[in-house]
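1. Could you look at this predicted model? Sequence included:
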Amino acid sequence: MERGIEVEKARWQWHSAERGRGLNSAAIMWVVGALMAVEVQCWMRKLGGPQPPTPRHWTPINLYHSNHFHDTTDAMVSIAQRMRKLQTRLLAIRLGPGALHLPTDVQRLHLRFARHIEGGHMGPKKFWRHELVRLQYHNPSIPMTVDRTAASTDPATLSIHYSPDDRVQTIDMKDRSNSEILERLQQITKATPVEPTERDREELRVLEEQRQRSERDSKLSQEVRARVKREAQLLEQARGDVGMAA
């Protein structure tokens, strides 16, 4: 009987909140935690052991007026933006510059350049940050090592190790841009670029539509906030004028 009352109380919290402002992720986790606490209490009573403290603040008012909970719309917008950014970054890795399939005789790539960009080491650093990531993504079985202990006056090199004859070819990366380094690597190794699939093209199209829609929504939201702010200022000014007249 007692268990049934507590479970019904938690369910009432759920349905009351659902009929109210709507559920956000924090509210869902709160209700799930309350239900789990009820189950734990019931099992501890059956076993005769110590009982955990009873969850407090059962009322739906406290559930939605706590400072720990946020509006559902803001939470959903934030999640959508994060997902769109994550999908964009994943597509950029799969399809951006450096998305190449290296030949099977390439055994290893080794980069050596300075930690600082002075002395013509900016291009190698950008190549390491961007193009090398995509190369490693599409060629996971090929080790790609980086040595950044060189001085700014030392040469910046990209060594290509081949098997089975242990042949090594070197690209001078100093004073070259990351795109020039990538082009030279593709010419030497005869690497083939990765072509986007139909699914990739569809994802790109959807992400572009979402980006344009997000820009329109952001502009509209800024206009609404500006209008509300102006109306609040006019109302405050009118109240001040009425107070002075009185």
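-> The structure has been received and is ready for your questions. None of the values given here were measured: they were computed from a predicted structure. Numbers count the residues shown, from 1 in each chain.

2. Near H101, how many other residues are there?
-> Number of residues near H101 (other Cβ atoms under 10 Å) recorded here: 13. Every C-beta, even on glycine, is put in place using the N, C-alpha and C of the backbone.

3. tell me the SS of I117?
-> coil (DSSP: H, G, I helix; E, B strand; the rest coil).

4. ok, it - contacts?
-> Contacts for I117 (Cβ atoms under 8 Å, 6 or more residues apart in numbering) come out as K125.

5. Can you give me the distance of it to A232?
-> For I117, the distance to A232 (Cβ to Cβ, to the nearest Å) stands at 49 Å.

6. Output the longest strand belonging to the chain.
-> Assignment by DSSP state E gives strand 106-114 as the longest strand of the chain.

7. Buried by neighbour count: which residues of it qualify?
-> Buried positions in strand 106-114, judged by neighbour count with 16 or more other Cβ atoms under 10 Å: V106, Q107, L109, H110, L111, R112, F113, A114.

8. The fourth one reaches Q169, doesn't it?
-> No: applying Cβ atoms under 8 Å, one finds H110 not in contact with Q169, separated by 11.2 Å.

9. who touches both of the two?
-> Common neighbours of H110 and Q169 (Cβ under 8 Å, 6+ apart) are S159.

10. Could you find the closest non-adjacent residue to S163?
-> Excluding the flanking residues, the one nearest S163 by Cβ to Cβ, 6 or more residues apart in numbering is Q107, at 4.0 Å.

11. quick one, what contacts that neighbour?
-> So Q107 contacts I142, H161, Y162, S163 (Cβ under 8 Å, 6+ apart).

12. just P196 next, same as before
-> Taking Cβ under 8 Å, 6+ apart as the test, what P196 contacts is R94, L95, L204.

13. That one should be in a helix, yeah?
-> No: counting by three-state DSSP, one finds P196 to be coil, located in no helix.

14. Quick check: it vs L102, distance?
-> 19 Å.

15. And the average pLDDT for whichever strand or helix holds L90 is what?
-> Under DSSP states H and E, the secondary-structure element containing L90 is helix 72-95. For helix 72-95, the mean per-residue pLDDT is 70.

16. what's the neighbour count on L132?
-> L132 has 22 nearby residues by other Cβ under 10 Å.

17. List the contacts of it.
-> L132 neighbours (Cβ under 8 Å, 6+ apart): G98, L109, L111, M144, V146.
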